[in-house]
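# Output the structure for:
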Amino acid sequence: MRQYTTMMKLPSSIFVRIAISLSALIVYAIMLAVLFPLAGPSITYLAIIPIVVAAWFLGVGGSLVFGIIIILLNNFIIVFIRLPFAPTNTAPPAFPLGVVGPFGGRALSDGVTAFVFLVVGVTIAWIRKLTDRLHQQAEELQKKHSVLQEEMERRITAEERLVHEALHDPLTILPNRRLFVNRLEHAIEWNKRHPDELFAVIYLDFDRFKVINDSLGHTVGDQLLIELARRLKSCVRTVDTVARMGGDEFAILLETVGSEEIVTRVIKRIQGSLAPPFAVHDNSIVMTASIGIVMDLLPYEQFGDIIRDADIAMYSAKVGGKNGFKVFDVAMRDQADNILKLESGLRQALQNKEFRIHYQPILSLNSQRLIGFEALLRWEHPERGLLYPADFLKIAEESGLIVSIGQWVLQEACHQMKQWQMQFDVKPPLTISLNLSSRQFAQPNLTHQIEEVLRQTALPAESLMLEITETTLIDEIELAAAKIEQLHILGVGIEIDDFGSGYSAMGYLRNLPVNILKIDRSFISTLGVTKSGGPIIQAMIAMANSLDIKVTAEGIETEDQLNNLRALECDYGQGFLFNKPLESHAAQEMIKMAFLKPRN
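The predicted model follows:
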């Protein structure tokens, strides 16, 4: 069809029209000069063929006026071609289409025939052009339709993508808070119509995630979140919703569960899925979660109240010791209010300088000589009086305030010890021990912070002893080993606090530059009470001696405990038997009494 259309359009050119006309004239010349001598007068009957063919092609080419002119010209020539064969008594023609005699009617007939072919050809050309125009318009409409269809598909795809992005977390691809709230609202309405069905909301916060994120970096933290999300999804049904609420907090909506026992089994399944270590960027990370549960949605009208109470239960589980779960009850709201007030008070305490440091003496058990102090934090609360770390330290840890508080303790304790060293001539110099929280220990610039404090206070590095709990050491042994090595190079001493609470760390001690092990008070309290107390401590001391590590016993309260520790060749000790933690002026008096040699 395309080839035919192209061929039919050729006559529309003025040059093609001229060529058709000249071709007709040439045919007539051939007929007159060549064919007539051979065929005789009969050849004149064929003269109509060129004009009819020319009229047809010119008509198809759409040239009506040009065709009429060519017909008149050709008809005139035909008359003169035929004229020599007319009878002698026939008069010459007066006009080609109005001739008289035997050939005039024939010429008129040939012209009319050619004109009919011309008109038919023009009609066909018009119809063809109209058809081509319709085809062209149809193709244009089809193209526009295709473009519109593609644009609609793109818009639909873009809208679907925008809706998905608006309702899902970009990192874990889990539903986000907005989608979770939407499904929770539907669950509330459904539960009102079907009160016999049980729904539950689980709220999770991963313990120590901020420590990992700060110490190993956000890339590791993000990958860990992806793996956590994958494990959580594997613990629930497809009808349930696992959502990331923000940071390391996740929520799960359990729909139409049969009983509270099923919810408990889901919790156990989640805890079991978190037990295997996570392998992330060459790090083996052990994760646990604190979980809060709202077991029944019927008492609630607003989704916000459900999420609030689940969050309160989760926080209660976290404060209660982490790696556990609690079901919400109304009493937790008062507890949550107290926690918020306490956290707010901690922030104000830093600004109002309400924190105090008490110093507990550390003595050599053999010589009873004072060798240093442990700095212990206290809070002089404006309403509740003197608070001990057990009253507020977990809240400070969870809120992140422990980092600022720890930095203040480091600065104050180093400054105080430098003052005492300048005031009293003690050889070897007294040392100051202080605890590093897991959040503080995880700070990437910890070594720089300590180095800066030592520079500002002018305290020798060997006079500072940093205590790291065995739990912190076990949780991130590779990271802890690197940090301890940096601190060792700096020159500060390293103590493992509460030693014995986790035996898995013992195998790593041979590779760590540790100076002192502090045996947990729970073991010291068994001396003279149980048969196993002495052998266990003896084994710890023997192991430490084999690694050239000194040992400090914490919580010595009786003479019997002291005598047993001396017999086991424990190096140092601290506890109420020697003295309770002292305020700075009382500790200074103790130093003065112990050495009686103040500097001039």
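# all strands of the stretch 251-400 of the chain, in order?
278-280, 283-285, 289-294, 325-327, 355-364, 370-381, 385-387 (DSSP state E, counting those that start in this stretch).
# Summarise which helices and strands the second one is packed against.
So the one you mean is strand 283-285. Packing contacts for strand 283-285, counted by 3 or more CB pairs under 8 Å, 6 or more residues apart in numbering; DSSP states H and E, involve helix 209-216, strand 278-280, helix 477-490. No exception for glycine: its C-beta is placed from N, CA and C like everyone else's.
# Domain-wise, how is this structure divided?
For the chain, the structural domains run 2-140, 177-329, 356-375+402-595, going by automatic domain parsing.
# just to revisit the earlier point, nearest to L582, out of the helices and strands packed on strand 283-285?
Each of those has some distance to L582 by CB to CB; the shortest is helix 477-490, at 27.0 Å.
# send the alpha carbons of the closest one over as CSV?
What follows is helix 477-490, C-alpha atoms only, in CSV (Å, rounded to 0.1, in the frame of the first residue of the first chain):
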residue,chain,number,x,y,z
ILE,A,477,35.8,-7.8,72.1
GLU,A,478,37.5,-6.8,68.8
LEU,A,479,36.6,-3.1,69.1
ALA,A,480,37.4,-3.1,72.8
ALA,A,481,40.8,-4.6,72.2
ALA,A,482,41.7,-1.9,69.7
LYS,A,483,40.5,0.8,72.1
ILE,A,484,42.4,-0.7,75.0
GLU,A,485,45.5,-0.8,72.9
GLN,A,486,45.2,2.9,72.1
LEU,A,487,44.7,3.8,75.7
HIS,A,488,47.7,1.6,76.7
ILE,A,489,49.9,3.5,74.2
LEU,A,490,48.7,6.7,75.7
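# Outside of that helix itself, list whatever touches it.
215-216, 283-284, 441-442, 446-447, 450-451, 454, 461, 466, 468, 472-473, 494, 505, 508, 511-514 (CB atoms under 8 Å, 6 or more residues apart in numbering).
# Please name whichever of the helices and strands packed on strand 283-285 is nearest to I395.
Of all these, helix 209-216 sits nearest to I395, with 14.5 Å by CB to CB.
# Quick one: list the elements packing against that closest one.
By 3+ CB pairs under 8 Å, 6+ apart, helix 209-216 packs against helix 218-233, strand 283-285, helix 438-441.
# I519 contacts M540, doesn't it?
Yes: using CB atoms under 8 Å, I519 makes contact with M540 at a distance of 5.9 Å.
# who has more neighbours, these two?
Using other CB atoms under 10 Å, the more surrounded residue of I519 and M540 is I519, with 25 against 22.
# Secondary structure element holding I156?
helix 104-167 (DSSP states H and E).
# and the following helix or strand past that helix, which residues are buried?
Counting by DSSP H and E, the next helix or strand C-terminal to helix 104-167 is helix 177-193. Across helix 177-193, burial judged by 16 or more other CB atoms under 10 Å covers 177, 179-181, 183-184, 187-188, 191.
# repeat for stretch 342-359
Buried, per 16+ other CB under 10 Å, within stretch 342-359: 342, 345-346, 349, 354-355, 357-359.
# what residues are up against I262?
I262 is in contact with L254, counting by CB under 8 Å, 6+ apart.
# Check the gap between it and T288 for me.
As judged by CB to CB, to the nearest Å, I262 and T288 stand 22 Å apart.
# Likewise for S364?
Separation of S364 from T288 (CB to CB): 39 Å.
# More neighbours: which of these two?
For S364 and T288, the more surrounded residue by other CB under 10 Å is T288, and the numbers stand at 16 against 12.
# my guess is that one meets K318, correct?
No: look at T288 against K318 with CB under 8 Å: they stay out of range, at 10.1 Å.
# overlap in contacts of these two?
In terms of CB under 8 Å, 6+ apart, T288 and K318 are both contacted by the residues D207.
# one step back: ok, of the strands of the stretch 251-400 of the chain, where does mean pLDDT dip lowest?
With a mean of 84, strand 283-285 has the lowest mean pLDDT of the strands of the stretch 251-400 of the chain.
# so how far is stretch 401-414 off the chain centroid?
Chain-centre distance of stretch 401-414: 34 Å, with CA atoms, centre = their mean, to the nearest Å.
# for stretch 207-218, same thing?
Remark: stretch 207-218 is offset 16 Å from the chain centroid, using CA atoms, centre = their mean.
# And stretch 463-472, by the same measure?
Centroid separation for stretch 463-472 versus its chain: 35 Å, with CA atoms, centre = their mean.
# got the end-to-end distance for it?
23 Å (CA to CA, to the nearest Å).
# Please point out which parts of it sit buried.
Here stretch 463-472 shows 463-470, 472 as buried, counting by 16+ other CB under 10 Å.
# would you turn those into JSON lines with pLDDT, secondary structure and distance to S532?
Listed next are these as JSON lines, based on pLDDT from 0 to 100; DSSP: H, G, I helix; E, B strand; the rest coil; distance: CB to CB, whole Å:
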{"residue": "S463", "pLDDT": "96", "secondary structure": "helix", "distance to S532": "37"}
{"residue": "L464", "pLDDT": "97", "secondary structure": "strand", "distance to S532": "35"}
{"residue": "M465", "pLDDT": "97", "secondary structure": "strand", "distance to S532": "30"}
{"residue": "L466", "pLDDT": "96", "secondary structure": "strand", "distance to S532": "31"}
{"residue": "E467", "pLDDT": "94", "secondary structure": "strand", "distance to S532": "26"}
{"residue": "I468", "pLDDT": "90", "secondary structure": "strand", "distance to S532": "27"}
{"residue": "T469", "pLDDT": "85", "secondary structure": "strand", "distance to S532": "23"}
{"residue": "E470", "pLDDT": "77", "secondary structure": "helix", "distance to S532": "19"}
{"residue": "T472", "pLDDT": "77", "secondary structure": "helix", "distance to S532": "27"}
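# what's the most distant pair in the residues you listed?
Largest separation among these by CB to CB: S463 and E470, giving 23.8 Å.
# picking up where we left off before, show me which of the helices and strands packed on helix 209-216 has the highest average neighbour count.
Looking across the helices and strands packed on helix 209-216 with neighbours counted as mean count of other CB atoms under 10 Å, the highest average goes to helix 438-441: a mean of 22.
# For that helix, list the C-alpha coordinates in PDB.
What follows is helix 438-441, C-alpha atoms only, in PDB (Å, rounded to 0.1, in the frame of the first residue of the first chain):
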ATOM      1  CA  SER A 438      29.700   1.400  77.500                       C
ATOM      2  CA  ARG A 439      28.400   4.500  75.700                       C
ATOM      3  CA  GLN A 440      31.400   6.500  76.700                       C
ATOM      4  CA  PHE A 441      33.800   3.700  75.800                       C
END
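# about what we covered before: so for H168, which of the domains of the chain sits nearest?
Closest approach to H168 among the domains of the chain (CB to CB): domain 177-329, 6.8 Å.
# So which residues make contact with stretch 321-339?
Stretch 321-339 is contacted by residues 207, 267, 271, 288-295, 309-310, 312-317, 319-320, 395 when judged by CB under 8 Å, 6+ apart.
# Buried ones from those, can you make that a ChimeraX selection?
Restricted to buried positions by 16+ other CB under 10 Å, the ChimeraX selection for those reads:
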select :207,267,271,288,289,290,291,292,293,294,295,309,310,312,313,314,315,316,317,319,395
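# List the ones among the contacts of stretch 321-339 that fall in helices.
For the contacts of stretch 321-339, membership in helices holds for 267, 271, 309-310, 312-317, 319, 395, with DSSP state H as the criterion.
# Which of those sits closest to E151?
When the ones in helices among the contacts of stretch 321-339 are compared against E151 (criterion: CB to CB), the nearest one is A310, at 44.8 Å.
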